[in-house]
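Student: Sequence first, predicted model second:
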Amino acid sequence: MLVTLLIDVVRSLVFLVGVLTGFAYVTLLERRLLARFQLRIGPDRVGPLGLLQPLADGIKLIFKENFMPAGADPIVYQTAPLISAVAALFVYAVIPLAPPIHLFGREIPLYVADVNVAILLVLGASSVGVYGIILGGWSSNNKYAILGGLRSSAQVISYELTLGLAVLGVVLVANSLRLTDIVRAQSHVWFIVQQPLAFVLFMIAAFAETNRAPFDLPESEQELIAGFQTEYGGFKFAMFYLAEYIGIITMGALVTTLFLGGWQGPWLPPIVWFLIKVFAVVCFFILVRATLPRLRYDQLMHLGWKVLIPLGIVNLAATAALIVWRGAPCRRGGTGVIGHGGNSE
Amino acid sequence: MTVVATTETLTLNMGPQHPSTHGVLRLVLELEGEVVRKCTPVMGYLHTGIEKEMETRTYHQNVTLVDRIEYLANYNEEMAFYQSVERLFGLEPPPRARYIRVLMCEMNRIASHLMYLGAGAMDLNVSSVFLYCLQDREKFLDLSEMVSGQRMMPGYFRVGGVADDLPEGFVAASRVWLDEMAGRIDEYDRLLTDNLIWRERLEGVALLSAEDAIALGGTGPVLRGSGIAHDLRKVLPYGGYEEFDFDVPVERGCDAFARYRVRMEEMRQARRIALQALDRLPDGPVIVADRKVALPPRAELARSMEAVIHQFKLVSEGMHPPAGETYVATESPRGEKGYFVVSDGSNRPVRVHVRAPSFYNLQTLPAMVEGRPLADVVVAVASIDIVLGDVDR
């Protein structure tokens, strides 16, 4: 009992530290890669190859004055970044990195919790994160911030739907909401092949969901200074920053899990495959940021409601029809909770 | 129960410290949701009193001030100032000087439009294009340094010519840059013109009808983007432009995209003019021989007492144009740039007024953005391509 508890604690800690380190280095990766794309060098002064730059940034932000603008709602203002950061971190409780490993005669699963509705939890948590943005924008007593917050609420409502519809296609094929099952269902062919439209929809919605270019309207620097985080500084700003970048890693992990076969791949150990795939997706996010202009607010809504959602529904209907027509492949798991083999016939 | 509909607008001060007002411009926006109901540009934050200051300086000293007005197009600015001063004197610079001036002005036009393109792209969050453009502009600044010793604020032109002949290797170096630019302009064209989001953001945005453009005094690409082929280099040729072969790009879109297309094509045309100037660069002196206006050559000072006197008079007192007033309109990268100079025969102008294209073009901004979303304001400001030094002076 105690050992199980200990293992759980250690596992959670490893995840937390891993994700935070990942966050720190994704910020560095983004700065270095962007610099490369833009004929610059990027930060390379702190430590070898600039590897200590995130540490320097973090220390700087922690030691900054804990500032609050006049007229701000103190409780909401302080809580908002927490909501974003916690929601962003929470997702990692259910994302599987690799199949269970055997250590000291025990089977240790490489996820914190294997929930049978994991994918719903992930989507739910990322929606909660938006509360941080809206409340932060609203409580700052700043016009730019509230515009950013308002944009964000509209954006997330629109794109959450697309995200959900894209995921549903995958869930139908895998016949499970459990992420480990979804990964195992891709042992023969990745879902990017079976569900290409869902993949594209998911990627587009993922950009919107993480407030990344070309959908970074809530914090569009050129119009709204910094949008919802205009009045945030120091560590509270760092938490928003953390939420954003962890969001990117999360989306990378989700795309990997749902469409790119998760930890599966030849030769290399599963965990390495998983990290490589996430890394590739994150790099893609950064490349897109360096390339594309930003959409306008109404164009974003137009794209979301008139293009992506209809496409998502069509994709879902077509997938469902196909599965029914082929005679419901995965019934062997009963309720779909313990389903294991995937749909390969 | 009666429902009373009330509307409340949000007054947003965009600027003077704002990332995309291209300087210290302040826009007072009345927003209804995200839609701009009223836009009032407030300026003067960069007012330095250059026009008044010029009254206390000699004509030669004034070039230092002039450079700081439209600081992205220094050579064009000097060109405009000296066109007026030279008309006061009734002088015509020698052919080589004319060609050098046209060459520098057109290369500067490319650099200035590169800045527009980069900043305009940056406003839509394509920061990569901004850096690419700056890199290209950097090479022009190097050329400027070669020719005048300064990257910006060169002070290279003189009354009746230019300060010095082109340095060794300059012609070859400019050719290299101009050759490179041909490919680069096409590259930006491919990168942006065919980009769906770029077109969505620019097409039909910041509309300005031809009538409005004329009524509000818009010139340059703002006017040509509204379908009016008005280019002072063609309409009222100055400084030797009549000797060059080029087209005036006109777009009928009346929107930000039309202005973008006009500037892209203008870069190509400017390159064409600059190459012609390089090809046909005549030999000869680079400044007039009139000793009342131009400094005597250095070598003469050792031999001729008269040269020493001229040198002393010019340096200590400056030149004295005949009494009178002139205005010569030139085509700067932003539109009609002209200096109204009044002389009373002394060594300082009595009054100088600058017809600044950015100032007049800024007037068109409210017409472009009222009734449009907030995000379009940024596009509109970028499409006007204002230089705040030019607006406020």
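Tutor: Cool, got the structure.
Student: touching chain B at all, the helix or strand hosting A:Gly149?
Tutor: Secondary structure assignment for A:Gly149, by DSSP states H and E: helix A:143-174. Yes. Part of helix A:143-174 sits close enough to chain B to count as contact by CB under 8 Å from any CB of the partner chain, namely A:Lys143, A:Tyr144, A:Leu147, A:Arg151. Using the backbone N, CA and C atoms, a C-beta is placed for each residue, glycine as well.
Student: Can you lay out those residues as CSV showing distance to B:Ala307, neighbour count and pLDDT?
Tutor: Supplementary listing: the residues of helix A:143-174 next to chain B in CSV, determined by distance: CB to CB, whole Å; neighbours: other CB atoms under 10 Å in any protein chain shown; pLDDT from 0 to 100:
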residue, distance to B:Ala307, neighbour count, pLDDT
A:Lys143, 66, 18, 79
A:Tyr144, 63, 24, 81
A:Leu147, 67, 27, 80
A:Arg151, 70, 29, 79
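Student: re earlier: and the next element down the chain from the helix holding A:Gly149?
Tutor: Scanning forward in sequence from helix A:143-174, with DSSP H and E defining helices and strands, the next element found is helix A:179-184.
Student: following that next one, which helix or strand shows up next?
Tutor: Helices and strands here follow DSSP H and E; after helix A:179-184, the next one along the chain is helix A:191-194.
Student: residues making contact with that next one?
Tutor: With contact meaning CB atoms under 8 Å, 6 or more residues apart in numbering or on different chains, helix A:191-194 is reached by A:Val170, A:Val173, A:Ala174, A:Ile182, A:Ala185, A:Ala198, A:Phe199, A:Leu258, A:Phe259, A:Leu260, A:Gly261.
Student: distance of B:Pro167 from chain A?
Tutor: Distance, B:Pro167 to chain A, using CB to the nearest CB, to the nearest Å: 27 Å.
Student: low pLDDT regions in chain B?
Tutor: When residues are selected by pLDDT under 70, those of chain B lie in B:1-7, B:21.
Student: again with the stretch 51-200 of chain A
Tutor: Scanning the stretch 51-200 of chain A residue by residue, the ranges that satisfy pLDDT under 70 are A:98, A:102-106, A:108, A:110.
Student: Around chain B, which positions in it sit nearby?
Tutor: Within the stretch 51-200 of chain A, the positions near chain B by CB under 8 Å from any CB are A:Lys143, A:Tyr144, A:Leu147, A:Arg151.
Student: The third one and B:Glu34 touch, don't they?
Tutor: The one in question is A:Leu147. Yes. Here A:Leu147 lies in contact with B:Glu34, judged by CB atoms under 8 Å, at a distance of 6.9 Å.
Student: Which neighbours do those two have in common?
Tutor: Taking CB under 8 Å, 6+ apart as the contact criterion, the residues that touch both A:Leu147 and B:Glu34 are B:Leu374.
Student: What about contact with chain A: does stretch B:376-387 have any residue there?
Tutor: Yes. Applying CB under 8 Å from any CB, one finds that stretch B:376-387 is in contact with chain A at B:Asp376, B:Val377, B:Val378.
Student: can these go into JSON lines with extra columns for distance to A:Val130?
Tutor: Below are the residues of stretch B:376-387 next to chain A laid out as JSON lines (distance: CB to CB, whole Å):
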{"residue": "B:Asp376", "distance to A:Val130": "26"}
{"residue": "B:Val377", "distance to A:Val130": "26"}
{"residue": "B:Val378", "distance to A:Val130": "25"}
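Student: And the residues you listed, which is closest to chain A?
Tutor: Closest to chain A out of these is B:Val378 (5.2 Å), distances taken as CB to the nearest CB.
Student: burial count for the closest one?
Tutor: Under the neighbour criterion other CB atoms under 10 Å in any protein chain shown, B:Val378 is assigned a count of 30.
Student: do you know how far it is from B:Gln135?
Tutor: Computed as CB to CB, to the nearest Å, the B:Val378 to B:Gln135 distance reads 23 Å.
Student: Name the helix or strand for residue 31, please.
Tutor: Here I'm looking at chain A. In this structure, A:Arg31 is located in helix A:2-37 according to DSSP H and E.
Student: Can you look at chain B instead?
Tutor: Per DSSP H and E: strand B:26-32 holds B:Leu31.
Student: Identify the residues contacting the residue nearest to B:Gly204 when sequence neighbours are not counted.
Tutor: If you skip the residues right next to it in sequence, B:Gly204 has B:Asp255 as its closest partner in space, 5.4 Å away by CB to CB, 6 or more residues apart in numbering or on different chains. Taking CB under 8 Å, 6+ apart as the criterion, B:Asp255 is in contact with B:Leu202, B:Glu203, B:Gly204, B:Val205, B:Ala206, B:Leu207, B:Leu208, B:Gly225, B:Ser383.
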